[in-house]
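Participant: I would like the atomic coordinates for the input below:
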Amino acid sequence: MSMRTVGDLMTSPAVTAGPDETLAAAATRMREAGVGSVVVGRFGQPVGILTERDLVMATAAGADPDTAPVRDWMTAEADCVEPDVAVEEAWASLASHGYRHIPVVSADELKGVVSMRDLLGVAQIRPVSGAYTDAPKGLEGVVAAETSVGDVRGLEGFYHYRQYSALDVAATRSLEDAWRLLFDGELPDAAEAAAFAAELAPLRKLPEAVAAVLPAIAASGAAPLDGLRSALSLVAGAEHMRASLDLDRRALRVDALRLSAVVPTIVASLHRLGQGLEPLAPREDLGHAANYLYMLSGEEPDPALVRPLEQYMILTIDHGLNASTFTARVITSTGADVGSAVVGAVGALSGPLHGGAPSRALDTIDAIGTAERAEAWVRDAVSRGEKIMGFGHRVYRTDDPRSTMMREIARGLGSPLQPLAEHIEATVLRVLEEMKPGHQLRTNVEFYAGVVMDRCGLPRQLFTPTFAASRCIGWCAHILEQAADNRIIRPSARYVGPPPPQPVPPL
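Facilitator: I've put the predicted structure just below:
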């Protein structure tokens with residue numbers, strides 16, 4: 001067991017700021033030092049901490065960085081840790097609270113600061129022996145990879161794509177811009193955006209061999225996500241995608257772009273075939289979301305519906321090391337081709353605990369039917385311990401920021417379901433507070449996503465495949481990252497069966 005302590009890893013001296021300094025001064029100090037936070041101190045003692053996240057929140061709220069004081073935006077009375085605390089203990093505190101930086105103090109004197117990145121290389125799950133006999137179920141809190149694609153800060157209600165707030169990207173940029181950010185690490189300017197869109201457009205077309213097989217897949221009666229999984233496997237085969245271990249990043253990026261681009265075409269084609277209609281070829285003059293709606297309906301898409309769908313797809317591109325993303329990275333870690341990793345991720349997404357909730361949340365709204373029925377329905381569900389679809393999230397302990405934005409998008413669309421959905425949300429929160437104090441659940445992205453996709457004309461059976469069409473971009477970004485610095489993911493398991501060895505009984 002490692003005996004390293006926080007004092008061995010902390011940054012000392014810590015970069016500091018005074019509570020009366022401006023945000024601009026603190027931000028300049030962070031940038032010059034290349035750190036993600038400053039400890040706010042007075043007379044050598046920490047009184048708070050200001051992080052990059054706090055700066056983003058201040059900017060979003062309209063604060064003037066040249067005049068706004070640090071004290072108004074810092075986290076006051078931030079948790080601290082002593083330098084002789086074991087790395088594992090400090091890591092547990094960071095992981096459980098969702099912190100990224102903790103000041104290090106001794107006898108109330110600031111000694112330095114330690115970050116999650118400082119601890120990553122040391123605080124890992126130990127072999128399952130001795131004192132380390134239990135891994136958390138579901139691997140909750142276990143760090144299994146380093147990533148620069150993005151992160152989720154559950155206690156803060158914040159998530160980001162690389163260095164940008166995901167909500168800011170969804171509010172101001174196109175799906176293609178977000179795509180390029182995740183694949184290539186930067187948001188494009190106008191010329192770069194046009195070049196990337198031109199690179200994507202021809203990749204939406206299905207290989208002829210795959211297009212010829214789609215009618216048989218549709219005729220089989222396979223569920224949309226099952227059909228997508230089969231078709232993606234065929235695309236990977238038709239494109240002769242090779243093992244990621246044998247390819248450089250440029251070649252891997254080509255495969256990743258191809259698979260991500262073709263998902264909406266597959267989903268729309270299978271849907272039309274299932275309706276007795278001919279599939280439509282993708283149009284290169286339309287953006288990715290607009291083209292998807294066109295291929296589904298055969299009609300020129302309404303921009304008032306394209307943008308809400310595009311924003312939903314941007315919001316769901318990536319969301320930390322979720323089950324399907326982890327699956328994609330595990331498969332990639334074996335050196336397998338991009339197609340195998342994406343197909344495996346689709347399989348993980350098919351589970352109702354992961355990707356199937358948008359349609360189920362809408363089913364809940366339908367089951368309630370009217371505002372007058374909401375209270376009785378919710379009380380009955382809570383008393384029976386039933387899960388209310390669209391509420392609660394594994395990571396967030398605050399409002400799901402995606403749900404907050406989707407609620408506003410749904411309001412803007414004027415969906416007839418929106419007033420009832422908001423009434424149900426308020427009823428669930430109130431009833432839970434009364435019947436299960438301290439067990440507060442908030443809406444997750446799926447609750448209002450169903451309202452938005454329904455208003456945009458998507459049938460419910462396509463809600464999860466539409467989620468896959470966006471999340472495939474995130475999967476592929478993680479695939480590229482895993483392949484670039486790969487080590488096969490091979491955790492240990494704790495054996496709990498009968499003690500071996502025992503004699504083999506005779507026949």
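Participant: any regions of the stretch 1-150 of the chain where pLDDT drops low?
Facilitator: 1-3, 44, 60, 92-99, 116-135 (pLDDT under 70).
Participant: switch the cut-off to 90
Facilitator: For the stretch 1-150 of the chain, residues meeting the criterion pLDDT under 90 lie at 1-19, 26-27, 29-65, 70-71, 74-145.
Participant: can you check the stretch 151-300 of the chain too?
Facilitator: Judged by pLDDT under 90, the stretches of the stretch 151-300 of the chain that qualify are 152-158.
Participant: mind listing the helices for it?
Facilitator: Taking DSSP state H, counting those that start in this stretch as the test, the helices found in the stretch 151-300 of the chain are 166-172, 175-184, 190-200, 208-219, 224-238, 249-274, 288-297.
Participant: could you pull out the strands for this protein?
Facilitator: 16-17, 37-42, 45-51, 75-76, 101-106, 109-115, 150-153, 158-161, 164-165 (DSSP state E).
Participant: neighbouring strands for the first one, and are they parallel or not?
Facilitator: Its sheet considered, strand 16-17 pairs with strand 37-42 (parallel) by DSSP bridges.
Participant: list the buried residues in the strand it pairs with.
Facilitator: Residues 37-41 are the ones in strand 37-42 that count as buried (16 or more other CB atoms under 10 Å). (Glycine included, C-beta is placed from N, CA and C.)
Participant: got CSV for the residues you listed, with distance to Pro224 too?
Facilitator: Formatted as CSV, the buried residues of strand 37-42 follow (distance: CB to CB, whole Å):
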residue, distance to Pro224
Ser37, 45
Val38, 49
Val39, 51
Val40, 52
Gly41, 56
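Participant: name the residues of stretch 291-300 that are buried.
Facilitator: Using 16+ other CB under 10 Å as the test for burial, stretch 291-300 gives 291-297.
Participant: again with stretch 261-276
Facilitator: Buried residues in stretch 261-276 (16+ other CB under 10 Å): 261-274.
Participant: do stretch 480-497 as well
Facilitator: 480-483.
Participant: hang on, the earlier thing: quick one: which of the buried residues of strand 37-42 is nearest Val235?
Facilitator: Proximity of the buried residues of strand 37-42 to Val235 (CB to CB) peaks at Ser37, which lies at 44.3 Å.
Participant: pipe the buried residues of stretch 291-300 into CSV and attach distance to Thr464 per row.
Facilitator: CSV is the format used below for the buried residues of stretch 291-300 (distance: CB to CB, whole Å):
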residue, distance to Thr464
Asn291, 20
Tyr292, 14
Leu293, 17
Tyr294, 21
Met295, 18
Leu296, 15
Ser297, 19
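Participant: out of those residues, who's nearest Val343?
Facilitator: Distances from Val343 to the buried residues of stretch 291-300, taken by CB to CB, are shortest for Tyr292, at 20.4 Å.
Participant: measure that closest one to Glu310 for me?
Facilitator: To Glu310, Tyr292 is 9 Å away according to CB to CB, to the nearest Å.
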